[in-house]
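# got a predicted model here, sequence first, then my questions.
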Amino acid sequence: MKRWHILTGVSAIAVAVVGLSVADVFPSEIPPISQADFDSDLVEQGENLALLGDCSSCHTPTGAQGLSGGFALPTPFGTVYSTNITPDPETGIGTWSFAAFDRAMREGIDRAGNHLYPAFPYDHFASMTDEDMRALYAFLMSEPPVSALRKENELPFPLSLRPILAGWKLLFHHPKPFEPDPEMDEEENRGKYIAETIGHCGACHTPRNIFGAVKRSQAFEGGEAEGWLVPPLAAASIAPAAWTLDDYADYLFDGWSAHHAIAAGPMTSVVDHLFDSDEDDVFAIAAWLAAITPEADEAERDEIIAKISTRDLPETFDFSLAGLDAPAEAQAGALVFRDNCLKCHKERISDSQPISLGFTYAANAAAPTNLFAAVSHGIEPPLGVPSRKMQAVNISAAEMASVAAFVRWRFTDQPAWDNLLEDAEAALKAKADH
């Protein structure tokens, strides 16, 4: 993010802070408590909510004990590290009362009175029901305590000053109870509730403004997360083949849809936790997504699917692209594709093969970000489709750029990507730095 954007944002927030009371800027501490026992049914309900919310993904770094914090969350403003949410009394939330937990989840203020950065999506959690909030609290407080000191955030001054977040909240955090849609049935509204609250789907699937707040007027129109582009959903989807209820259910349950893609990047952990969640809740999310997705003409959808499938490469395909009006970069990429990708990505004769590349968001997105991420990092298969692994491909930035040009030209109707070499070099550098 450009420096002037940050300075403009800080200035606006600072002005907002001036109009607040001391109690708003410097909240009071909530006294500590001793741990208590909880009803097993309430704990079970809370466990399901934690799965639906994908809590462990952001609160458990690779190789660490569950929910012990320290996961790095990169933002345009710096890196924020997640906190220990196990009931350890010294380094976790073991001394937090329900009131303290509820305040953190709804207002973004910890037990000691410190404002929390909105990398923790309290702007979504705030609309949870009291019952669900108590259940989630019961589950977390019943987990094994883990002693793990918190990592200090890596944020520049003055963003490192937490009181400034009071101004951010005045501008962007206006919590209200969840409102069911009267046009939806009970199941669809259950899915809407999960997605908009504990599931916080909009935190990744919605673009953010220069202040880091979600643009609620552009809900589910796509965003970014952990170096991946996050696709727009429902009416905003750019998927060549329209999503159906069955597609949504397949993807959410298994992390894979035959006419869309496989879950990758930060979405993999989401579908893995949904895999272990209550099936009725997962299907409710699918039902809600289907309800907000314009109904497609079935014959037109079948025609698109057939058209995309014909672009898969037969064994007789001429990789010289002789006689075809292909850009020079795509011609070079055809040979790279032949040598590195064709083993898997070829004409489909079996359901066990990868889906047609023309269906994927990686090939159709406005930028090659996800294609480069998949090539350079590979794709670990979701729990629902353990055999669908993609190995990382070790090629140069120039080769990666050319193969992206070929994929875009051959498998989609989208315009060519610009600055491919520059973007490929950045992707490989990010992998090396990681």
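Thanks, I have it. Numbers count the residues shown, from 1 in each chain.

# quick one: pLDDT of the spatially closest residue to Pro175 that is not a sequence neighbour?
Closest residue to Pro175 apart from its sequence neighbours, by CB to CB, 6 or more residues apart in numbering: Ala126 at 3.4 Å. Yep, even glycine has a C-beta here, placed from its N, CA and C like the rest. Note for Ala126: predicted pLDDT of 98.

# so what's Ala126 up against?
105-107, 173, 175-176 (CB atoms under 8 Å, 6 or more residues apart in numbering).

# try it again at 10 Å.
Residues near Ala126 by CB atoms under 10 Å, 6 or more residues apart in numbering: 102, 105-108, 133, 173-178, 197.

# count of neighbours near Cys204?
Other residues near Cys204 number 22, with proximity taken as other CB atoms under 10 Å.

# pLDDT below threshold where in the chain?
In the predicted model of the chain, residues 1-23, 34-35 satisfy pLDDT under 70.

# tell me where it has strands.
72-75, 78-81, 223-225, 228-230 (DSSP state E).

# quick one, domains of the protein?
26-167, 192-291, 310-433 (automatic domain parsing).

# helices of the stretch 301-434 of the chain, start to end?
328-340, 361-364, 369-377, 397-411, 420-433 (DSSP state H, counting those that start in this stretch).

# could you export those helices as CSV, including distance to Leu149 and mean neighbour count?
Output for those, formatted as CSV (distance: least, CB to CB, whole Å; neighbours: other CB atoms under 10 Å):
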stretch, distance to Leu149, mean neighbour count
helix 328-340, 44, 19
helix 361-364, 38, 22
helix 369-377, 29, 22
helix 397-411, 39, 24
helix 420-433, 25, 16
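
# and these as a markdown table, adding distance to Asp88?
As requested, the helices of the stretch 301-434 of the chain are exported to a markdown table (distance: least, CB to CB, whole Å):
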| stretch | distance to Asp88 |
| --- | --- |
| helix 328-340 | 47 |
| helix 361-364 | 40 |
| helix 369-377 | 33 |
| helix 397-411 | 44 |
| helix 420-433 | 32 |
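
# one step back: can you lay out the domains of the chain as a markdown table showing distance to Pro182?
Output for those, formatted as a markdown table (distance: least, CB to CB, whole Å):
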| stretch | distance to Pro182 |
| --- | --- |
| domain 26-167 | 17 |
| domain 192-291 | 12 |
| domain 310-433 | 32 |
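
# tell me the most buried of these?
Among the domains of the chain, domain 192-291 has the highest mean neighbour count (mean count of other CB atoms under 10 Å), at a mean of 20.

# how far does that domain stretch from start to finish?
This stretch, domain 192-291, spans 10 Å end to end (CA to CA, to the nearest Å).

# with stretch 318-336 instead?
Distance across stretch 318-336, first residue to last, is 13 Å (CA to CA).
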